[in-house]
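Chemist: Have a look at this prediction, sequence included:
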Amino acid sequence: MARPPRGRIVRLSEGSRGAGNLVRGVSAPRTHHSTAPGRCSPVENGAAQPVIVAIDGPSGTGKSSTSKAVAAQLGLSYLDTGAQYRAITWWMVTNGIDIQDPSAIAAVAGKPEIVSGTDPKDPTITVDGTDVAGPIRGQDVTSKVSAVSAVPEVRSRITELQRSIAASAVTGIVVEGRDIGTTVLPDADLKIFLTASAEARAARRSGELKGADLHTTREALVQRDAADSSRKTSPLAKAGDAVEVDTTELTLTQVIECVVTLVEEKRAGK
């Protein structure tokens, strides 16, 4: 069947505004289906089909909150790929690896054992058996994750892990990140790219980071965007057949509703 229209942008219609453990394997190629015209309206539920959903976008677009909620609502597994890059960055920092030396990072990229739990209601992540869900969100890791994730050997290692987890998701999975639809799972059943203005994203992130300065947060987001979009290996980019959802003026509930509708449409073969 036909692939989704290229460059499609979805906005909520007025009527809808109220409303894993580590395994080995590579995801099998999946057939793309056409989707309904650009809208987010309810569709009739049929028999639930396994579906792989790739959700990409920069920080502050509501990616994580949306992905977890959609996965939980639809009975799918969930994978936060950014947490995996943060986890390997945490390991590098903890073990004294020079973050400014790509060759030093590459030499040890295969050493840490990273295990991601895929329950959307309680996602977990461990490194060599240690729970790092809290430590990986610290400023020290945040300031270094772009440098570590830009190293090709790191991306290759983590990409293999991500594909293995997606391939093992029997009922389907929502995978969120920055290069899922373009590199990690280019044959995903549905690709969504969340976007928002820098101002909206900074306001959201400042709200998450209590007491954070709005201007400083905005500048940090812009710098992260530039680093992620310009790296040579698997840069942040919208897949040509991804559905773009601008979340600037939407509430989290509205974004979740929109994405759930898109997934249900895909399952229904619309």
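Modeler: Everything's here; your move. Numbers count the residues shown, from 1 in each chain.
Chemist: what stretches of this protein score poorly on pLDDT?
Modeler: Across the chain, the ranges flagged by pLDDT under 70 are 1-48, 206-212, 270.
Chemist: Helices along that one, start to end?
Modeler: Ranges of helices within the chain are 63-74, 81-94, 102-108, 139-142, 145-149, 152-167, 198-208, 214-230, 252-267, based on DSSP state H.
Chemist: who touches the third one?
Modeler: Looking back up the chat, that one is helix 102-108. Under the criterion Cβ atoms under 8 Å, 6 or more residues apart in numbering, residues 92, 95, 97-99, 148, 150-154 lie in contact with helix 102-108. The way it works is simple: take the backbone N, C-alpha and C, and place the C-beta from them, glycine included.
Chemist: which of these count as buried?
Modeler: Burial by neighbour count, judged by 16 or more other Cβ atoms under 10 Å, picks out 92, 97, 99, 148, 150-151, 153-154 from the contacts of helix 102-108.
Chemist: Could I get the helices of the chain in CSV, plus columns for distance to residue 56?
Modeler: Shown next, in CSV, are the helices of the chain (distance: least, Cβ to Cβ, whole Å):
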stretch, distance to residue 56
helix 63-74, 8
helix 81-94, 10
helix 102-108, 24
helix 139-142, 19
helix 145-149, 14
helix 152-167, 13
helix 198-208, 14
helix 214-230, 11
helix 252-267, 12
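Chemist: Tell me which of those helices lies nearest to residue 120.
Modeler: Shortest distance between residue 120 and the helices of the chain, using Cβ to Cβ, is found for helix 63-74: 3.8 Å.
Chemist: Packing partners of that closest one?
Modeler: When contacts are defined as 3 or more Cβ pairs under 8 Å, 6 or more residues apart in numbering; DSSP states H and E, helix 63-74 sits against strand 51-56, strand 77-80, strand 172-177, helix 252-267.
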